[in-house]
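Novice: heads up, no residue letters with this:
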(Lines give C-alpha, C1' and ligand atoms only; values in the text may rest on other atoms or scores of the structure.)
Protein backbone atom coordinates (compact mmCIF):
# COMPACT_ATOMS: atom_id res chain seq x y z
CA UNK A 1 0.00 0.00 0.00
CA UNK A 2 1.07 3.59 -0.63
CA UNK A 3 1.71 6.51 1.70
CA UNK A 4 0.24 9.02 -0.78
CA UNK A 5 -1.84 11.72 0.96
CA UNK A 6 -5.46 10.70 1.39
CA UNK A 7 -8.01 12.91 -0.47
CA UNK A 8 -10.00 15.12 1.87
CA UNK A 9 -13.58 14.26 0.84
CA UNK A 10 -16.24 11.65 1.58
CA UNK A 11 -15.97 9.54 -1.59
CA UNK A 12 -13.07 8.66 -3.88
CA UNK A 13 -13.32 8.25 -7.64
CA UNK A 14 -11.78 5.33 -9.53
CA UNK A 15 -8.86 7.55 -10.59
CA UNK A 16 -8.26 8.81 -7.04
CA UNK A 17 -8.24 5.30 -5.61
CA UNK A 18 -5.98 4.05 -8.42
CA UNK A 19 -3.53 6.90 -7.70
CA UNK A 20 -3.70 6.22 -3.96
CA UNK A 21 -2.99 2.50 -4.37
CA UNK A 22 -0.60 3.01 -7.30
CA UNK A 23 -2.65 0.66 -9.46
CA UNK A 24 -4.06 0.87 -12.95
CA UNK A 25 -7.70 1.98 -13.08
CA UNK A 26 -8.66 -1.36 -14.67
CA UNK A 27 -7.39 -3.13 -11.53
CA UNK A 28 -9.59 -0.91 -9.37
CA UNK A 29 -12.61 -1.90 -11.47
CA UNK A 30 -11.66 -5.57 -11.00
CA UNK A 31 -11.38 -5.12 -7.23
CA UNK A 32 -14.79 -3.45 -7.12
CA UNK A 33 -16.42 -6.14 -9.25
CA UNK A 34 -15.09 -8.92 -7.01
CA UNK A 35 -16.19 -7.15 -3.83
CA UNK A 36 -12.60 -6.96 -2.61
CA UNK A 37 -12.79 -3.20 -1.99
CA UNK A 38 -15.65 -1.19 -0.40
CA UNK A 39 -17.58 0.66 -3.08
CA UNK A 40 -20.95 1.99 -4.17
CA UNK A 41 -22.44 3.31 -7.41
CA UNK A 42 -24.21 6.65 -7.84
CA UNK A 43 -25.48 8.12 -11.11
CA UNK A 44 -23.75 5.31 -12.96
CA UNK A 45 -20.28 5.97 -11.46
CA UNK A 46 -18.26 3.93 -8.99
CA UNK A 47 -17.52 5.73 -5.73
CA UNK A 48 -15.45 4.49 -2.80
CA UNK A 49 -16.37 5.60 0.76
CA UNK A 50 -13.24 7.27 2.15
CA UNK A 51 -13.68 6.04 5.74
CA UNK A 52 -14.09 2.44 4.60
CA UNK A 53 -11.10 2.70 2.29
CA UNK A 54 -8.97 4.01 5.17
CA UNK A 55 -10.00 1.02 7.30
CA UNK A 56 -9.38 -1.35 4.37
CA UNK A 57 -5.84 0.01 3.91
CA UNK A 58 -5.16 -0.11 7.66
CA UNK A 59 -6.10 -3.79 7.84
CA UNK A 60 -3.77 -4.57 4.95
CA UNK A 61 -0.88 -2.66 6.55
CA UNK A 62 -1.40 -4.47 9.87
CA UNK A 63 -1.08 -7.84 8.22
CA UNK A 64 -4.80 -8.53 7.97
CA UNK A 65 -6.63 -9.58 4.86
CA UNK A 66 -7.48 -5.98 3.93
CA UNK A 67 -10.59 -5.94 1.85
CA UNK A 68 -10.43 -9.58 0.84
CA UNK A 69 -13.86 -10.70 -0.24
CA UNK A 70 -15.68 -13.63 1.34
CA UNK A 71 -15.92 -16.83 -0.65
CA UNK A 72 -18.47 -15.97 -3.35
CA UNK A 73 -21.71 -17.90 -3.59
CA UNK A 74 -22.81 -19.34 -6.91
CA UNK A 75 -26.02 -17.34 -6.90
CA UNK A 76 -28.68 -18.03 -9.54
CA UNK A 77 -29.93 -15.01 -11.56
CA UNK A 78 -33.13 -14.59 -9.54
CA UNK A 79 -34.64 -11.55 -7.83
CA UNK A 80 -36.27 -12.63 -4.59
CA UNK A 81 -38.40 -10.95 -1.96
CA UNK A 82 -41.35 -8.62 -2.18
CA UNK A 83 -43.33 -8.07 -5.36
CA UNK A 84 -43.31 -4.63 -6.94
CA UNK A 85 -45.29 -3.99 -10.16
CA UNK A 86 -42.88 -1.36 -11.49
CA UNK A 87 -39.83 -3.56 -10.88
CA UNK A 88 -41.63 -6.53 -12.42
CA UNK A 89 -42.36 -4.46 -15.54
CA UNK A 90 -38.76 -3.22 -15.77
CA UNK A 91 -37.36 -6.76 -15.54
CA UNK A 92 -39.50 -7.86 -18.48
CA UNK A 93 -39.14 -4.69 -20.55
CA UNK A 94 -35.36 -4.46 -20.15
CA UNK A 95 -34.90 -8.08 -21.31
CA UNK A 96 -32.20 -8.42 -18.67
CA UNK A 97 -32.72 -12.17 -18.36
CA UNK A 98 -33.41 -12.19 -14.62
CA UNK A 99 -36.05 -14.47 -13.14
CA UNK A 100 -38.21 -13.63 -10.12
CA UNK A 101 -39.45 -15.48 -7.05
CA UNK A 102 -41.72 -13.26 -4.94
CA UNK A 103 -42.88 -14.47 -1.54
CA UNK A 104 -42.45 -11.49 0.75
CA UNK A 105 -39.61 -9.39 2.13
CA UNK A 106 -38.59 -11.64 5.00
CA UNK A 107 -38.65 -14.74 2.82
CA UNK A 108 -36.52 -12.91 0.26
CA UNK A 109 -34.05 -11.75 2.89
CA UNK A 110 -33.68 -15.29 4.24
CA UNK A 111 -33.28 -16.78 0.75
CA UNK A 112 -30.75 -14.10 -0.20
CA UNK A 113 -28.71 -14.93 2.89
CA UNK A 114 -28.70 -18.59 1.79
CA UNK A 115 -27.51 -17.64 -1.69
CA UNK A 116 -30.71 -18.46 -3.56
CA UNK A 117 -30.71 -15.28 -5.67
CA UNK A 118 -28.67 -12.23 -6.64
CA UNK A 119 -31.07 -9.65 -5.18
CA UNK A 120 -34.10 -9.27 -2.92
CA UNK A 121 -36.81 -6.63 -3.00
CA UNK A 122 -37.56 -5.34 0.50
CA UNK A 123 -39.94 -2.98 2.29
CA UNK A 124 -39.40 -3.89 5.94
CA UNK A 125 -40.53 -1.30 8.46
CA UNK A 126 -38.70 -1.02 11.78
CA UNK A 127 -41.19 0.20 14.37
CA UNK A 128 -38.54 1.13 16.95
CA UNK A 129 -36.76 3.59 14.67
CA UNK A 130 -39.66 4.27 12.27
CA UNK A 131 -37.30 3.56 9.38
CA UNK A 132 -37.16 1.18 6.44
CA UNK A 133 -35.04 -1.83 5.50
CA UNK A 134 -31.66 -0.84 6.94
CA UNK A 135 -32.23 -2.23 10.48
CA UNK A 136 -33.41 -5.58 9.12
CA UNK A 137 -30.62 -5.81 6.56
CA UNK A 138 -27.83 -4.75 8.92
CA UNK A 139 -28.97 -7.39 11.43
CA UNK A 140 -29.28 -10.18 8.85
CA UNK A 141 -26.86 -9.52 6.00
CA UNK A 142 -23.91 -7.79 7.70
CA UNK A 143 -21.55 -10.65 6.86
CA UNK A 144 -22.51 -10.79 3.19
CA UNK A 145 -20.90 -9.06 0.23
CA UNK A 146 -23.98 -6.99 -0.52
CA UNK A 147 -25.34 -3.48 -0.91
CA UNK A 148 -28.84 -2.08 -0.29
CA UNK A 149 -29.93 0.21 -3.14
CA UNK A 150 -33.05 2.39 -3.06
CA UNK A 151 -35.59 1.65 -5.77
CA UNK A 152 -38.73 3.70 -5.09
CA UNK A 153 -40.98 5.30 -2.52
CA UNK A 154 -44.48 3.81 -2.86
CA UNK A 155 -47.82 5.09 -1.54
CA UNK A 156 -49.63 2.37 0.39
CA UNK A 157 -53.15 2.36 1.80
CA UNK A 158 -56.53 0.72 1.47
CA UNK A 159 -57.62 -0.45 -1.96
CA UNK A 160 -61.41 -0.65 -1.80
CA UNK A 161 -64.42 -1.50 -3.92
CA UNK A 162 -66.14 1.33 -5.74
CA UNK A 163 -69.67 0.06 -5.01
CA UNK A 164 -69.46 0.51 -1.22
CA UNK A 165 -68.64 3.42 1.10
CA UNK A 166 -64.88 3.76 1.52
CA UNK A 167 -63.43 3.40 5.04
CA UNK A 168 -61.83 6.48 6.54
CA UNK A 169 -58.79 4.51 7.63
CA UNK A 170 -57.62 1.27 9.23
CA UNK A 171 -59.76 1.88 12.31
CA UNK A 172 -62.88 1.78 10.11
CA UNK A 173 -62.29 -1.79 8.80
CA UNK A 174 -64.13 -3.74 11.53
CA UNK A 175 -66.63 -6.18 10.05
CA UNK A 176 -65.24 -5.90 6.51
CA UNK A 177 -63.72 -8.68 4.45
CA UNK A 178 -59.99 -8.03 4.01
CA UNK A 179 -57.35 -9.64 1.78
CA UNK A 180 -54.47 -10.78 4.02
CA UNK A 181 -50.87 -11.14 2.89
CA UNK A 182 -48.54 -14.01 3.76
CA UNK A 183 -47.09 -13.99 7.30
CA UNK A 184 -43.59 -12.50 7.33
CA UNK A 185 -44.21 -10.28 4.32
CA UNK A 186 -43.42 -6.59 4.68
CA UNK A 187 -47.07 -5.76 4.04
CA UNK A 188 -48.43 -8.13 6.68
CA UNK A 189 -45.93 -6.95 9.30
CA UNK A 190 -46.69 -3.30 8.58
CA UNK A 191 -50.45 -3.85 8.57
CA UNK A 192 -50.34 -5.53 11.99
CA UNK A 193 -48.20 -2.72 13.41
CA UNK A 194 -50.53 0.00 12.10
CA UNK A 195 -53.63 -1.93 13.20
CA UNK A 196 -52.30 -2.07 16.75
CA UNK A 197 -51.43 1.62 16.62
CA UNK A 198 -54.93 2.54 15.42
CA UNK A 199 -56.75 0.22 17.83
CA UNK A 200 -58.06 -2.15 15.14
CA UNK A 201 -58.96 -5.58 16.50
CA UNK A 202 -57.80 -8.03 13.82
CA UNK A 203 -60.16 -10.68 15.15
CA UNK A 204 -63.03 -8.39 14.06
CA UNK A 205 -61.99 -8.74 10.42
CA UNK A 206 -63.30 -11.29 7.96
CA UNK A 207 -60.23 -12.63 6.17
CA UNK A 208 -60.25 -13.73 2.53
CA UNK A 209 -57.68 -16.11 1.05
CA UNK A 210 -54.03 -15.04 1.43
CA UNK A 211 -52.62 -13.12 -1.55
CA UNK A 212 -48.89 -13.43 -2.26
CA UNK A 213 -48.38 -10.44 -4.60
CA UNK A 214 -49.62 -6.86 -4.84
CA UNK A 215 -51.59 -7.63 -8.01
CA UNK A 216 -53.19 -10.74 -6.54
CA UNK A 217 -54.38 -8.83 -3.47
CA UNK A 218 -56.04 -6.08 -5.50
CA UNK A 219 -57.45 -8.51 -8.05
CA UNK A 220 -59.30 -10.24 -5.18
CA UNK A 221 -61.02 -6.94 -4.37
CA UNK A 222 -61.81 -6.26 -8.02
CA UNK A 223 -63.53 -9.66 -8.32
CA UNK A 224 -65.75 -8.73 -5.35
CA UNK A 225 -64.31 -11.45 -3.11
CA UNK A 226 -63.18 -8.90 -0.50
CA UNK A 227 -63.99 -5.34 0.54
CA UNK A 228 -60.43 -4.05 0.88
CA UNK A 229 -56.73 -4.85 0.61
CA UNK A 230 -53.77 -3.10 2.20
CA UNK A 231 -52.17 -2.37 -1.15
CA UNK A 232 -50.44 0.07 -3.44
CA UNK A 233 -52.00 3.14 -5.05
CA UNK A 234 -50.40 2.18 -8.37
CA UNK A 235 -52.22 -1.15 -8.43
CA UNK A 236 -55.51 0.40 -7.32
CA UNK A 237 -55.29 2.80 -10.27
CA UNK A 238 -54.50 -0.04 -12.68
CA UNK A 239 -57.60 -1.96 -11.59
CA UNK A 240 -59.89 1.07 -11.45
CA UNK A 241 -60.53 0.81 -7.69
CA UNK A 242 -60.77 3.46 -4.99
CA UNK A 243 -57.78 4.17 -2.78
CA UNK A 244 -57.45 5.54 0.78
CA UNK A 245 -53.81 6.63 1.38
CA UNK A 246 -52.17 5.61 4.66
CA UNK A 247 -48.40 6.16 4.30
CA UNK A 248 -45.38 6.24 1.99
CA UNK A 249 -42.96 3.33 2.22
CA UNK A 250 -39.44 2.72 0.93
CA UNK A 251 -38.85 -0.20 -1.44
CA UNK A 252 -35.20 -1.19 -1.92
CA UNK A 253 -33.10 -3.92 -3.50
CA UNK A 254 -30.51 -5.87 -1.52
CA UNK A 255 -28.01 -6.86 -4.21
CA UNK A 256 -24.99 -9.15 -4.24
CA UNK A 257 -22.08 -6.81 -4.96
CA UNK A 258 -20.46 -9.09 -7.53
CA UNK A 259 -23.79 -9.53 -9.36
CA UNK A 260 -24.24 -5.75 -9.43
CA UNK A 261 -21.41 -5.45 -11.98
CA UNK A 262 -22.56 -8.32 -14.18
CA UNK A 263 -24.63 -7.80 -17.37
CA UNK A 264 -28.13 -8.82 -16.12
CA UNK A 265 -28.18 -6.37 -13.21
CA UNK A 266 -26.39 -3.63 -15.14
CA UNK A 267 -28.89 -4.01 -17.98
CA UNK A 268 -31.79 -3.71 -15.54
CA UNK A 269 -30.42 -0.69 -13.69
CA UNK A 270 -29.45 1.07 -16.93
CA UNK A 271 -33.01 0.62 -18.13
CA UNK A 272 -34.34 2.00 -14.86
CA UNK A 273 -32.25 5.14 -15.40
CA UNK A 274 -33.86 5.77 -18.80
CA UNK A 275 -36.79 8.06 -19.59
CA UNK A 276 -39.08 5.16 -20.50
CA UNK A 277 -38.87 3.92 -16.92
CA UNK A 278 -39.65 7.36 -15.51
CA UNK A 279 -42.61 7.67 -17.83
CA UNK A 280 -43.94 4.31 -16.69
CA UNK A 281 -43.56 5.22 -13.01
CA UNK A 282 -45.50 8.44 -13.60
CA UNK A 283 -48.19 6.59 -15.54
CA UNK A 284 -48.64 4.04 -12.75
CA UNK A 285 -49.05 6.74 -10.09
CA UNK A 286 -48.13 6.35 -6.43
CA UNK A 287 -44.37 6.13 -7.09
CA UNK A 288 -41.50 8.50 -6.34
CA UNK A 289 -38.20 7.41 -7.94
CA UNK A 290 -35.85 10.37 -7.45
CA UNK A 291 -33.62 8.32 -5.09
CA UNK A 292 -33.39 5.36 -7.49
CA UNK A 293 -29.93 3.76 -7.38
CA UNK A 294 -28.67 5.56 -4.28
CA UNK A 295 -27.04 3.43 -1.60
CA UNK A 296 -28.93 3.01 1.68
CA UNK A 297 -26.55 0.51 3.27
CA UNK A 298 -23.22 -1.13 2.42
CA UNK A 299 -21.98 -4.37 3.97
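Specialist: Great, that's in hand. Computed from a predicted structure; not experimentally measured.

Novice: contacts, neighbours, all on C-alpha from now
Specialist: Noted.

Novice: show me where the stretch 151-299 of the chain has strands.
Specialist: With DSSP state E, counting those that start in this stretch, the ranges of strands along the stretch 151-299 of the chain come out as 177-179, 206-207, 228-232, 242-256, 287-288, 295-298.

Novice: Just put these in TSV and tack on distance to residue 76.
Specialist: Output for the strands of the stretch 151-299 of the chain, formatted as TSV (distance: least, Cα to Cα, whole Å):
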stretch	distance to residue 76
strand 177-179	32
strand 206-207	36
strand 228-232	29
strand 242-256	11
strand 287-288	29
strand 295-298	21
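
Novice: Columns mean neighbour count on top of the ones you listed, output as JSON lines?
Specialist: Compiled in JSON lines, the strands of the stretch 151-299 of the chain are given as follows (neighbours: other Cα atoms under 10 Å):
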{"stretch": "strand 177-179", "mean neighbour count": "23"}
{"stretch": "strand 206-207", "mean neighbour count": "16"}
{"stretch": "strand 228-232", "mean neighbour count": "28"}
{"stretch": "strand 242-256", "mean neighbour count": "21"}
{"stretch": "strand 287-288", "mean neighbour count": "20"}
{"stretch": "strand 295-298", "mean neighbour count": "19"}
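
Novice: Relative to residue 222, which of those is closest?
Specialist: Closest approach to residue 222 among those (Cα to Cα): strand 228-232, 9.3 Å.

Novice: Give me the contact list for stretch 212-220.
Specialist: 82-85, 102-104, 159, 179-182, 210-211, 226, 229, 231-232, 235-236, 239 (Cα atoms under 8 Å, 6 or more residues apart in numbering).

Novice: just stretch 237-250 next, same as before
Specialist: Contacts to stretch 237-250, defined as Cα under 8 Å, 6+ apart, come from residues 123, 132-133, 150-162, 166-169, 218-219, 222, 233, 236, 284-285.

Novice: And stretch 105-125, by the same measure?
Specialist: Against stretch 105-125 from outside (Cα under 8 Å, 6+ apart): 73-84, 102, 104, 131-133, 136-137, 140-141, 144, 184-187, 189-190, 249-256, 259.

Novice: Show only the entries of those found in helices.
Specialist: 136-137, 140, 186-187, 189-190, 259 (DSSP state H).
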